[in-house]
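Q: A predicted structure for the sequence below; I have some questions about it.
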Amino acid sequence: MPFGLTNAPATFQHFMNDVFRDILDIYVIIYLDDILVFSKSKEDHERHVREVLSRLRKHNLYCNLAKCFFGVEEIDYLGLIVSPEGIRVDPAKVVKAIDWSVPSKVVQVQEFVGFCNFYRTFIRDYSNIAAPLFQLTRKNHPWEWTEECAAAFEQLKEALRSAPVLISKQFFLECDASDFATGAILSQFSEDNQLHPVAFLSKAMTPAERNYDIYHKELLAIVKALKEWRHLLEGTALPVQIITDHKNLEPFKATKDLRGRLARWAGFLSEFNFQLKYRPGKTNGKADILSRKDEHRPLGGPDEVLDDRIRDAYLQDERLNHIIEALQKNDKVKNWSWDNGLLMFKNKIYVPNDDSIRKDILASRHDNIAAGHPGQFRTLELVNRKYYWKSLKKTVTSYVSNCESCIRNKHSNQLPPGLLNPIELPSRPWDHINYDLITGLPESEEFDAILTVVDRMSRMVHFIPTTSRASAVDVANLFVTYVWKLHGLPSKTISDRGPQFNSAFLRQLYKRLDIKPSLSTAFRPQTDGLAERLNQVVEIYLRHYVAYKQDDWVGILPMAEFAYNNSVNASTNQTPFFACYGFHP
């Protein structure tokens, strides 16, 4: 094996693993040419060392005696100090970090961050602390050493100075999940018979993961934690005690007939020796805090949180003082009122001049999966249902126009020239419907198509997952399950000429039920424009939120339906929800 080739280290590591495979991680650890032999007693240690040396001699491998240490209780291994007490940061390396001079250019910041990355397991909330430094190292980012950068620099040095010891006893893993992040704390008992944290984890969820139900989110927190500390938790003699505040997870190991995501996770979890234990949320506060950190909260959290922030912001806006004081004295002020600590302007919550609050409100009405990245008009309507501030329309226009996801996923949608031919108006909701099939989608939970059904009067929709192989009988069953039972029979339907909608079976069914079917003109999708436009809306929505592999759209589809039915339609000037039920959800 010649030196200098890029595959030389991997080849050598593979060779060493073959030589010591049956005793790896039992009493020997090997990283390239660094060999660590560990034992519980001197007698065992002597036997273990002889075995390692004999294998080296058998394969013509030689050690440099000047670099070897025998019979010691503490040793520097790969930049860490390993001892009976556990694993800790090398003090010599910490001194180097403490004496590190303030960086003056990007390369120096990269060196410092790279050094800290090696010890990140010892630093609680590392990603959050180092965020300003990460920002400096981004490509094309202007150099500016701010107070935040200086504070992060000093905080990391202090964290290294006081880094905890990773002790090698039974592990306790406390996990929790919120709506937007997962958190975990790895702990062990110390000499004082108290649990002490030795490592921390806090990770934001992807947009797709935020759509999981609570059971899947709590299990996701466990999976992420085990992946993060796999090198510590895999193959432990004593079972890892996994503590969760979700009682339904306790029988997970005994659950059979798992499918999809749960089956994959069960396969991964089977590699670990662990026990699941339930602890009520009130007593699982440490992991709960990590899963609910503010920086992981998606923009536009629950309205209750926004309203609390608005109440606090009133104190900072002096222009509102005279109005608030008058209202608190029960004086009447035109168009203004006071309701539960909130200033109301024409029955809308008045938002003070706070850019961060206004931005989060806009995000909750635009970026949020329940909103679906609507256009300027619909976003303005969603915001204006509850909130108001001066120049609201201008702020919404600017926010939506600069939305990166909208720019990337939406296309120009100009009306073609020519006259439109109106279709007969129905007399009641769900009396006339259009439906169509979106095919060619990536497979998700065994589905690869969507049946879209829209009411011509209220514009309310249903998005139903199905397959491109669906027959006319399948479509009829879906119609009964998702439409008929909720809205009754229509008197007229409009669809294209696909075999699912134009079969002898459906024609006979329509005749029996006294339904008048209308088929669009062949090769002229414009004649079923309502359904065709709806298909575009669904596809654009999914592009905003699906995961990288695009295999999770079935779970997102109900939110797409909600977002569409909760947004104002330009034809009716009402939301489909309001047109059907007379209220906004």
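A: Nice, I can see it. This one's a predicted model, so the numbers in the text were calculated from it and none came from an experiment. Numbers count the residues shown, from 1 in each chain.

Q: Residue 538 and residue 467, how far apart?
A: Plainly put, residue 538 is 16 Å away from residue 467 if you go by CB to CB, to the nearest Å. Using the backbone N, CA and C atoms, a C-beta is placed for each residue, glycine as well.

Q: neighbour count winner among these two?
A: A count of neighbours by other CB atoms under 10 Å puts residue 538 above the other of residue 538 and residue 467, at 21 against 16.

Q: could you measure the more buried one against residue 451, distance?
A: For residue 538, the distance to residue 451 - CB to CB - is 11 Å.

Q: if I look at these two, which residues touch both of them?
A: residue 463 (CB atoms under 8 Å, 6 or more residues apart in numbering).

Q: Going along the chain, name the strands of the stretch 401-550 of the chain.
A: 432-438, 449-455, 461-466, 492-495, 516-519 (DSSP state E, counting those that start in this stretch).

Q: Go through those strands and name the closest to residue 400.
A: strand 461-466 (22.1 Å; CB to CB).

Q: who does the helix or strand harbouring residue 383 touch, helix- and strand-wise?
A: Taking DSSP states H and E as the criterion, residue 383 maps to helix 376-384. Judged by 3 or more CB pairs under 8 Å, 6 or more residues apart in numbering; DSSP states H and E, the packing partners of helix 376-384 are helix 355-366, helix 392-401.

Q: The same query, at a cut-off of 10 Å, please.
A: Using 3 or more CB pairs under 10 Å, 6 or more residues apart in numbering; DSSP states H and E, the elements in contact with helix 376-384 are helix 355-366, helix 392-401, helix 553-565.

Q: So what angle separates the directions of the shortest one and helix 355-366?
A: Which is helix 392-401. 70 degrees (axes from the mean of the first three to the mean of the last three CA atoms, to 10 degrees).

Q: ok, now which ones touch the spatially closest residue to residue 560 that is not a sequence neighbour?
A: Spatial nearest neighbour of residue 560, chain neighbours left out: residue 541 (4.6 Å); criterion: CB to CB, 6 or more residues apart in numbering. Taking CB atoms under 10 Å, 6 or more residues apart in numbering, we find residue 541 in contact with 369, 372-374, 409, 463, 553, 556-557, 559-561, 563-564.

Q: Repeat that for residue 239.
A: 170, 171, 272, 273, 274, 275, 276.

Q: Residue 114: which of those is nearest?
A: Of these, the one sitting nearest to residue 114 (CB to CB) turns out to be residue 171, at 28.0 Å.

Q: Scan the helices and strands of this protein for the one with the lowest mean pLDDT.
A: Here the helix or strand of the chain ranked lowest by mean pLDDT, DSSP states H and E is helix 285-291, holding a mean of 46.

Q: Whichever helix or strand comes after that helix versus helix 355-366: what angle between them?
A: As assigned by DSSP H and E, the chain's next helix or strand after helix 285-291 is helix 303-314. If you take the same axes, to 10 degrees, helix 303-314 sits at 160 degrees to helix 355-366.

Q: if we look at helix 303-314, which residues are touching it?
A: With CB under 10 Å, 6+ apart as the criterion, helix 303-314 contacts 294, 297, 300-302, 320-321, 323-324, 340-343, 349-354, 356-358, 360-361, 364, 386-387.

Q: Identify the residues contacting the following helix or strand past it?
A: Downstream of helix 303-314, the next assigned helix or strand under DSSP H and E is helix 321-328. Here helix 321-328 makes contact (CB under 10 Å, 6+ apart) with 314-315, 317, 331-333, 336-339, 341, 343-345, 350.

Q: Give the PyMOL command for selecting the buried subset of those.
A: A single PyMOL command selects the buried members of the contacts of helix 321-328 (16 or more other CB atoms under 10 Å):
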select buried, resi 314+336+338+343+344+345+350
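
Q: and which of the contacts of helix 321-328 is nearest to residue 153?
A: Among the contacts of helix 321-328, and counting by CB to CB, the member closest to residue 153 is residue 315, at 33.0 Å.

Q: Does the closest one touch residue 352 like I think?
A: Yes - Residue 315 lies in contact with residue 352 (CB atoms under 10 Å); the separation is 9.2 Å.

Q: List the residue ranges of the stretch 451-585 of the chain that fall below the pLDDT cut-off.
A: 497-509, 511-514, 517-529, 531, 547-549 (pLDDT under 70).

Q: need the helices for it, in chain order.
A: 472-479, 485-487, 504-513, 529-545, 553-565, 576-581 (DSSP state H, counting those that start in this stretch).

Q: Any chance of those in a markdown table with distance to residue 110 as columns?
A: What follows is the helices of the stretch 451-585 of the chain, written out as a markdown table (distance: least, CB to CB, whole Å):
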| stretch | distance to residue 110 |
| --- | --- |
| helix 472-479 | 56 |
| helix 485-487 | 58 |
| helix 504-513 | 65 |
| helix 529-545 | 33 |
| helix 553-565 | 38 |
| helix 576-581 | 52 |
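
Q: Indicate which one of those is closest to residue 242.
A: helix 553-565 (25.2 Å).

Q: So for the closest one, what gets flagged as buried?
A: Quick answer for helix 553-565 (16+ other CB under 10 Å): 553, 554, 555, 556, 557, 559, 560, 561, 562, 563, 564, 565.

Q: So which elements touch that helix?
A: Counting by 3+ CB pairs under 10 Å, 6+ apart, helix 553-565 packs on helix 376-384, strand 449-455, strand 461-466, helix 529-545, helix 576-581.

Q: These: which one's closest to residue 158?
A: helix 529-545 (39.8 Å).

Q: Report the distance from stretch 338-357 to the chain centre.
A: Here the centre of stretch 338-357 is set off from its chain's centre by 30 Å, with CA atoms, centre = their mean, to the nearest Å.

Q: and if you look at stretch 108-126?
A: Mean-position distance between stretch 108-126 and its chain equals 24 Å (CA atoms, centre = their mean).

Q: follow-up on the earlier one: rebuild the strands of the stretch 401-550 of the chain as CSV, extending it with mean neighbour count and distance to residue 114.
A: What follows is the strands of the stretch 401-550 of the chain, written out as CSV (neighbours: other CB atoms under 10 Å; distance: least, CB to CB, whole Å):
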stretch, mean neighbour count, distance to residue 114
strand 432-438, 24, 47
strand 449-455, 22, 47
strand 461-466, 21, 46
strand 492-495, 21, 60
strand 516-519, 14, 65
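
Q: Turn these into TSV, columns for distance to residue 307.
A: Output for those, formatted as TSV (distance: least, CB to CB, whole Å):
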stretch	distance to residue 307
strand 432-438	39
strand 449-455	34
strand 461-466	31
strand 492-495	44
strand 516-519	48
